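>>> Generate a structure from the sequence data that follows.
(one chain, ligands or ions: 1)
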Amino acid sequence: MTSTAPVQSSTAKTGAAKTTAEKTGAHTDEAAALIDNARSRIDALDDRIIGLVQERMAISAVIQEARITSGGRRINLSREMEILGQYRDALGKPGTSLAMTLLELCRGRA
Ligand SMILES: O=C(O)C(=O)C[C@]1(C(=O)O)C=C[C@@H](O)C=C1
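Next comes the predicted model:
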């Protein structure tokens, strides 16, 4: 059964804890529960994505260090173009921006 009753909070003006409905912006308990559950899954995914980005940064640092130690340069533009193309092909124009941000994070000091 779908609940259509608006979820209200008497604490909204007092600064006390928000209700689930207030947190989610949903107008029914059912929608609020769905959003709450989906947000938990997004939070778990974001934790994994952040971990993967950190793992990428560490591997990238190893590559850069090896290249620099061998007398080369930190940056390898042709490889960066390859990566930008891969993200663009998979995700479109915002994919390019995402790849640029990733590369910026990874081009730290090796
Ligand atoms: O693949 C490399 O050669 C790297 O150094 C790694 C990496 C990357 O993070 O993907 C970082 C810097 C380079 O300019 C190109 C790519």
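>>> Around the ligand, which positions in the chain sit nearby?
Contact residues, the chain versus the ligand (C-beta under 6 Å from any ligand atom): 60, 63-64, 75-76, 79-80, 83, 103, 106-107. The C-beta positions use only the backbone N, C-alpha and C, and glycine is treated the same way.
>>> Looking at those, which are in helices?
60, 63-64, 79-80, 83, 103, 106 (DSSP state H).
>>> possible to save the residues you listed as a markdown table with pLDDT?
A markdown table is the format used below for these (pLDDT from 0 to 100):
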| residue | pLDDT |
| --- | --- |
| S60 | 97 |
| I63 | 97 |
| Q64 | 96 |
| R79 | 98 |
| E80 | 98 |
| I83 | 98 |
| L103 | 98 |
| C106 | 97 |
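>>> quick one: which of those residues is nearest to V53?
Using C-beta to C-beta, the shortest approach to V53 within these belongs to C106, at 8.5 Å.
>>> Who are the contact partners of the closest one?
56-57, 60-61 (C-beta atoms under 8 Å, 6 or more residues apart in numbering).
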